[in-house]
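A.B. asks: sequence and computational prediction follow.
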Amino acid sequence: MPSQKVGNPKTPTPQTPEMNDCDFLTDILSTTKYITSSYATALHEASNNTLYQVIKKIYDETQQSQRELYNLMFEKGWYQLEKAEQQKIQQAHVQYTAHANQFPYK
């Protein structure tokens, strides 16, 4: 059976009680995801356009940082993905199409 993981070979890190590079990046990535989510909530609730534009700029920069952290971790093999089964992909597509067809605009 072929591997269901998608990723690169792991860059070795010291296995000690102290945090290593992988641990630090995992923590930073998790924090950045949380912050990005919080900025998204602030964008939804901003009633002042100037405030909205300031938060949007910060959100975009934070989102870009999150993407760069993800790419670095994936490159080093510290972030792996699961391959989706073709049947699950097709099922998600059918569900999305059925849902999208409910909207009057196209």
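C.D. replies: Okay, I see it.

A.B. asks: list the buried residues of the strand or helix carrying E61.
C.D. replies: Using DSSP states H and E, E61 sits in helix 49-75. Applying a neighbour-count criterion of 16 or more other CB atoms under 10 Å, one finds Y52, I55, Y59, T62, Q63, Q66, L69, M73 buried in helix 49-75. Where C-beta positions appear, they are placed from N, C-alpha and C, glycine not excepted.

A.B. asks: each with direction, which strands does the helix or strand that that helix is followed by pair with?
C.D. replies: Following helix 49-75 in sequence order, the next helix or strand is strand 81-82 (DSSP H and E). According to DSSP bridges, strand 81-82 has the following sheet partners: strand 5-6 (antiparallel).

A.B. asks: average pLDDT across the partner strand?
C.D. replies: On average, the pLDDT along strand 5-6 is 86.

A.B. asks: what separates the helix or strand hosting Y96 from the chain centre, distance-wise?
C.D. replies: According to DSSP H and E, Y96 maps onto helix 86-100. Centre-to-centre, helix 86-100 and its host chain are 21 Å apart (CA atoms, centre = their mean, to the nearest Å).
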